[in-house]
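Fold the following for me, if possible:
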Amino acid sequence: MNCEVLELPVLAVETYQIREVLRCLLHTIMFNRALGPVRPRDVDSELFEISYVQCGDSGVERKIEEKINNLCNWVEKHPGKRVTVLLSFYEKRFKQIWFSKQEERLYWEQWRVQLDVIRPAASDLEAQRVQRHRLLEESLQAALLALLKLVGERKEHIPPVVSSDTVCFPYEITLPSETDSHFGLDMFKRVVLNSSPPAMLS
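I've put the predicted structure just below:
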């Protein structure tokens with residue numbers, strides 16, 4: 001199975017903006033890959049003049065918040081670095097090995113969200129920070145619009161739905177690891193070996 005790799009534009013963020021940027025992007029992706037009955041919930045960003053939609057599923061919301069908290073903690077210990085968050089969807093398959101069954105994951109879509117975490121200089125004027133915030137808001141709006149266009153166009157690779165009992169396809173969110181600077185490398189290799197070139201969002 002080929003995996004569709006979708007790479008979003010790199011966004012320059014300050015530490016306090018990470019949480020809202022990831023909420024906007026990850027929830028938008030999850031809502032547009034929802035399966036079963038969802039209870040859409042419009043959310044106004046706490047930081048930007050932007051609205052986005054959540055699935056209304058407590059499990060999805062809890063997992064996204066947990067991952068965002070973990071990333072924010074990692075950034076505090078590794079300031080000023082580019083971070084990559086991978087949101088990957090997969091199918092579960094089981095293969096017989098001797099007298100037991102082993103689960104394998106067949107990845108069919110992966111989103112790469114990259115953030116350049118900047119450290120403002122103490123000498124920066126308030127006007128400079130306001131300008132950076134405005135530029136980020138515009139970049140985030142553009143990324144969301146392009147994302148929505150892309151999820152509507154790229155559907156051929158989505159596997160058939162076998163059950164309406166779950167809200168979304170199996171997925172995982174991979175973050176930088178404090179112990180492995182090449183976080184997600186093994187999983188990324190598995191995806192790339194069988195995938196088409198990334199689709200860049202402009």
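
Only C-alpha atoms from now on, for both contacts and neighbour counts.
OK.

so what's D42 up against?
For D42, the contacting residues are S51, Y52, V53, Q54, by CA atoms under 8 Å, 6 or more residues apart in numbering.

what about the longest strand in this structure?
Longest strand in the chain by number of residues, with DSSP state E as the criterion: strand 100-117.

Moving C-terminal from that strand, which element do we reach first?
As assigned by DSSP states H and E, the chain's next helix or strand after strand 100-117 is helix 126-153.

For that following helix, name the packing helices and strands.
strand 11-13, helix 18-32 (3 or more CA pairs under 8 Å, 6 or more residues apart in numbering; DSSP states H and E).

Of those, which is nearest E172?
helix 18-32 (11.0 Å; CA to CA).

So which bits of the closest one are buried?
For helix 18-32, a neighbour-count test (16 or more other CA atoms under 10 Å) marks 18-19, 21-32 as buried.

re the thing from before, drop anything exposed from the contacts of D42.
Buried members of the contacts of D42, counted by 16+ other CA under 10 Å: Y52, V53, Q54.

Put together a markdown table for the contacts of D42, with secondary structure on each row.
Compiled in a markdown table, the contacts of D42 are given as follows (DSSP: H, G, I helix; E, B strand; the rest coil):
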| residue | secondary structure |
| --- | --- |
| S51 | strand |
| Y52 | strand |
| V53 | strand |
| Q54 | strand |
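
Closest one to S123 out of those residues, please.
For the contacts of D42, with S123 as the reference and CA to CA as the criterion, the closest is S51, at 32.6 Å.

now that closest one: how far from Q128?
S51 is 25 Å from Q128, where distance means CA to CA, to the nearest Å.

next one: G56
37 Å.

Of these two, which one has the most company?
G56 (17 against 11; other CA atoms under 10 Å).

Which strand or helix spans the more buried one?
For G56, there is no host helix or strand (DSSP H and E).

before we move on, what SS does the spatially closest residue to it that is not a sequence neighbour have?
Spatial nearest neighbour of G56, excluding adjacent residues (CA to CA, 6 or more residues apart in numbering): R39 at 4.8 Å. Using three-state DSSP, the three-state assignment for R39 comes out as coil.
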